[in-house]
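>>> just a sequence and a predicted model for now, questions to come.
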Amino acid sequence: MAKLTEIGWKEFEALPLEAKRPYLERPGGEGMPYHTLFAQQFDRPLLERLAALANRIRFISKSREGALFLKSFLPHKRAMLYFTQPSSRTFLSHLAACQILGLTTGSVRDTAISSEFKGESKEDSIRTFSSYFDMIIMRTPEKGLAEKMAWELSNSDRPVPILNAGSGKDQHPTQALLDIYTLLRSFETKGGLRNRTVTFCGDLLRGRTVRSLSYLLTNFENIRQMFVAPKELQVPEDVLAILREKNVSYDVSNDLREAVSTSDAVYMTRIQDEWDSAKGESAKIDTSRFKFGAEELALLKPDGIIMHPLPRRDEIATCCDHDPRAMYWRQMRNGMWIRSALIATTFGLENEILNCGY
Ligand code: CP
């Protein structure tokens with residue numbers, strides 16, 4: 001098995017993402033990740049195993065007895081949530097996932113009240129967390145920091161796993177896991193996640209959830225991907241290059257209504273103006289045709305679904321919220337279950353939970 005302790009940082013950093021996967025696996029974990037850094041670590045068997053584990057945890061937690069049983073798995077472990085970018089769902093669902101499995105947690109959400117304010121580097125801060133905690137769940141604006149810290153910690157006296165909860169404009173692997181889990185559940189009794197069209201709409205240039213989910217979808221049979229956005233915010237070339245390499249059919253368009261009428265899932269995203277290089281840059285882009293409202297809802301297939309990683313602004317009208325095809329609220333709760341499954345897996349508990357008597 002490849003080990004992060006046997007490869008230098010520069011050599012590791014230069015590897016293609018798929019080639020990094022074996023270095024990030026849990027020893028003896030049948031391909032399951034120890035560090036979770038990007039979508040390229042997950043193939044279909046792993047995704048289906050995680051989904052099955054999430055379903056199991058969800059079921060067990062329904063009773064008081066089951067919930068207490070789940071809490072008995074990791075009361076001896078502590079998780080650090082280091083979120084230096086704003087977050088509601090990813091922070092809270094990881095926190096809840098830790099609570100489900102009995103982990104205690106600590107957090108830093110504002111570097112103005114940590115020693116980074118005094119000039120400590122992020123690297124030293126994260127190394128500090130590893131002195132007190134057994135897992136670090138981190139969201140940062142810096143692309144690659146989670147990866148660098150995974151390598152650093154694996155090469156330290158106290159290796160602890162890193163879960164990437166969003167890195168720059170680059171990757172959001174646990175969001176993609178919850179998106180796949182939602183798609184699997186949504187189509188479970190309707191022919192499964194195969195032979196489908198998934199449309200991404202909105203800010204596809206800077207949305208890290210799109211990059212991660214687009215990759216994960218390549219694991220499933222005959223999933224066509226449509227990218228609908230204003231030209232200034234269209235999907236970046238690196239995402240399309242992966243689809244070509246994997247012979248995945250895709251289209252780039254600016255016609256949401258046409259895409260909706262042929263889609264099984266429509267994945268809306270907000271304009272990510274926090275990444276604007278000049279203030280007000282995004283506001284100059286005409287996004288009026290990239291919103292989902294009553295007219296788009298009328299075009300959606302009866303079995304189609306609407307997804308959104310959230311938060312939303314006005315890209316999905318609230319009149320859609322009570323339609324049974326609106327999946328974004330369930331998607332959010334699914335995040336808690338799949339993150340519980342991922343954390344359980346990181347600590348090597350998947351077989352114990354899957355095979356328990358519940
Ligand atoms: N989807 C998502 O990452 O939401 P938050 O920014 O609220 O965590």
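On my side now, so go ahead.
>>> for residue 219, give me its contacts.
42-44, 47 (CB atoms under 8 Å, 6 or more residues apart in numbering). Heads up, the C-betas are built off the backbone N, CA and C, glycines and all.
>>> give me the secondary structure label for residue 21.
The three-state assignment at residue 21 reads helix, by DSSP: H, G, I helix; E, B strand; the rest coil.
>>> so how far is residue 332 from it?
In this view, residue 21 and residue 332 are 28 Å apart by CB to CB, to the nearest Å.
>>> what do you get for residue 319?
19 Å.
>>> and these two? Which one has more around it.
Higher neighbour count among residue 319 and residue 332: residue 332, with 19 against 11, using other CB atoms under 10 Å.
>>> just to revisit the earlier point, between the contacts of residue 219, which is nearest the ligand?
Checking the contacts of residue 219 against the ligand by CB to the nearest ligand atom gives residue 42 as the nearest, at 17.6 Å.
>>> residue 257 versus the nearest residue to that closest one once chain neighbours are set aside, what's the distance?
Leaving aside its sequence neighbours, residue 42 sits nearest to residue 216 (CB to CB, 6 or more residues apart in numbering; 6.2 Å). Residue 216 sits at a distance of 26 Å from residue 257 (criterion: CB to CB).
>>> quick one: the strands in the stretch 51-200 of the chain, in order.
Assigned by DSSP state E, counting those that start in this stretch, the strands in the stretch 51-200 of the chain fall at 78-83, 104-108, 135-140, 162-167, 196-201.
>>> next secondary structure after the last one?
When you say that, I think you mean strand 196-201. helix 208-217 (DSSP states H and E).
>>> distance from the helix or strand immediately after that following helix in the chain to the middle of the chain?
Scanning forward in sequence from helix 208-217 by DSSP H and E, the next helix or strand is strand 223-228. With CA atoms, centre = their mean, to the nearest Å as the basis, strand 223-228 stands 19 Å off its chain's centre.
>>> who does strand 223-228 pair up with?
Using DSSP bridges, strand 223-228 pairs in its sheet with strand 196-201 (parallel), strand 250-253 (parallel).
>>> who wins for proximity to the ligand among the ones you listed?
Proximity to the ligand (CB to the nearest ligand atom) singles out strand 196-201 among the strands paired with strand 223-228, at 14.3 Å.
>>> buried residues in the closest one?
196-201 (16 or more other CB atoms under 10 Å).
>>> point out the residues in the stretch 101-250 of the chain that sit beside the ligand.
For the stretch 101-250 of the chain, the residues in contact with the ligand (CB under 6 Å from any ligand atom) are 166, 175.
>>> in the stretch 101-250 of the chain, what residue lies closest to the ligand?
Closest residue of the stretch 101-250 of the chain to the ligand, CB to the nearest ligand atom: residue 175 (5.3 Å).
>>> give me the number of residues near that residue?
A count of nearby residues for residue 175, using other CB under 10 Å, gives 27.
>>> make sure it is actually in contact with residue 207.
No: Residue 175 is beyond contact range of residue 207, at 9.9 Å (criterion: CB atoms under 8 Å).
>>> any idea which helix or strand comes after the longest helix anywhere in the chain?
What stands out as the longest helix in the chain, according to DSSP state H, is helix 328-346. Once helix 328-346 ends, the next helix or strand along the chain (criterion: DSSP H and E) is helix 350-354.
>>> name the residues that touch that next one?
Contacts to helix 350-354, defined as CB under 8 Å, 6+ apart, come from residues 32, 49, 52-53, 56-57, 60, 70, 73, 341, 344.
>>> any idea of the mean pLDDT for it?
The predicted model assigns helix 350-354 a mean pLDDT of 96.
>>> so which bits of stretch 286-293 are buried?
Buried, per 16+ other CB under 10 Å, within stretch 286-293: 287, 290-292.
>>> with secondary structure and distance to residue 84 added, can I get the residues you listed in JSON lines?
Output for those, formatted as JSON lines (DSSP: H, G, I helix; E, B strand; the rest coil; distance: CB to CB, whole Å):
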{"residue": "287", "secondary structure": "coil", "distance to residue 84": "28"}
{"residue": "290", "secondary structure": "coil", "distance to residue 84": "29"}
{"residue": "291", "secondary structure": "coil", "distance to residue 84": "30"}
{"residue": "292", "secondary structure": "strand", "distance to residue 84": "31"}
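>>> so which of the residues you listed also contact the ligand?
Within these, nothing lies near the ligand by CB under 6 Å from any ligand atom.
>>> residue 99: neighbour count?
For residue 99, using other CB under 10 Å, the count is 17.
>>> hang on, the earlier thing: tell me which of residue 216 and residue 257 has more neighbours.
Neighbour totals were compared for residue 216 and residue 257, and residue 216 leads with 21 against 13 (other CB under 10 Å).
>>> who are the contact partners of that one?
By CB under 8 Å, 6+ apart, residue 216 lies in contact with 39, 42, 47, 176-177, 179-180.
>>> do the same with residue 7
residue 23 are the contacts of residue 7 under CB under 8 Å, 6+ apart.
>>> domain map for this protein?
4-171+335-352, 173-272+284-333 (automatic domain parsing).
>>> could you look up the SS state of whichever residue of the stretch 201-350 of the chain sits closest to the ligand?
Scanning the stretch 201-350 of the chain for the residue nearest the ligand gives residue 309, at 3.8 Å (criterion: CB to the nearest ligand atom). Taken by three-state DSSP, the conformation at residue 309 corresponds to coil.
>>> residues in contact with stretch 13-33?
Contacts of stretch 13-33 (CB under 8 Å, 6+ apart): 1-4, 7, 12, 34-38, 40-43, 45-46, 49, 144, 147-148, 150-151, 342, 345-346, 348, 350.
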